[in-house]
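S.K.: Starting from these lines, generate the structure:
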Amino acid sequence: MIIEALGLGFYVHIPASFYFQAPSPGDNITVYTYLQVKDDRLVLYGFRNNEERDFFKTLLGVSGIGPKIALALLGHLALTEIAGAVMQEDMTVLTSIPGIGKKTARRLIYELKDKFKGWQLDGAAGGTGGIAENWQDVQQALAALDYSTREINRAKNELATEENLSMEELFKKALLFLAKH
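M.R.: Model prediction:
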């Protein structure tokens with residue numbers, strides 16, 4: 001993506017998912033950036049929100065994960081899907097991403113599993129949302145983990161009385177319910 005600001009054009013590497021949600025050329029857009037300083041060049045990466053940018057930086061901290069693979073991961077999966085795959089140790093989901101083999105998927109799971117325990121997703125801070133607000137994202141994450149519509153609806157019905165849950169808490173409770181049933 002090329003972003004024009006104050007008459008300058010900046011070449012920004014972005015995840016594929018961001019490209020398909022970007023506004024038309026000429027429209028205003030807010031891009032959260034990360035500048036990577038290399039010996040021979042500066043590389044700018046852009047994201048929809050701070051959460052994606054911070055997660056990108058976390059991915060770069062995993063040995064064997066470079067910017068190209070980190071962008072591919074963020075371009076193919078939502079953060080909740082990545083979190084679910086890591087927490088469930090779902091190698092199939094992770095290895096479905098171009099550039100990620102079994103060895104890299106194992107390393108992702110090993111290095112990120114503990115980090116996801118405390119990970120706060122946007123909209124989760126403060127726990128102000130109920131099931132209605134956060135369920136759509138949770139439903140997408142569960143579907144990506146190959147849960148059937150029937151199983152997802154059972155989990156939703158079971159958790160319908162829960163209030164003030166963050167998306168992360170709701171996702172964890174849904175996974176626990178589905179694991180038991």
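
S.K.: Give me the buried positions along the helix ranked longest in the chain.
M.R.: Using DSSP state H to define each element, the chain has its longest helix at helix 102-117. Residues 104-105, 107-109, 111-112, 116 are the ones in helix 102-117 that count as buried (16 or more other Cβ atoms under 10 Å). No exception for glycine: its C-beta is placed from N, CA and C like everyone else's.

S.K.: Would you pull up how far that helix lies from the middle of the chain?
M.R.: 14 Å (Cα atoms, centre = their mean, to the nearest Å).

S.K.: contacts for that helix?
M.R.: 58, 61-65, 69, 83, 86-87, 89, 91, 94-95, 100 (Cβ atoms under 8 Å, 6 or more residues apart in numbering).

S.K.: Now the buried members of these.
M.R.: 58, 62, 65, 69, 83, 86-87, 91, 94-95, 100.

S.K.: May I ask which helix or strand of the chain has the lowest mean pLDDT?
M.R.: Averaged element by element with mean pLDDT, DSSP states H and E, the chain has its least confident helix or strand at helix 131-144 (a mean of 72).

S.K.: distance between the helix or strand just after it and the chain's centre?
M.R.: Proceeding N to C from helix 131-144, the next assigned helix or strand is helix 149-159, under DSSP states H and E. In this view, helix 149-159 has its centroid 22 Å away from the chain centroid, taken as Cα atoms, centre = their mean.

S.K.: Ok, stretch 49-62 next?
M.R.: Taking Cα atoms, centre = their mean, one finds stretch 49-62 lying 9 Å from the centre of the chain it belongs to.

S.K.: What does the pLDDT read for the residue most central in space within the chain?
M.R.: In the chain, the centroid-proximal residue (Cα atoms, centre = their mean) is residue 79; its distance is 1.5 Å. Looking at residue 79, its pLDDT is 83.

S.K.: Cool, thanks, talk later.
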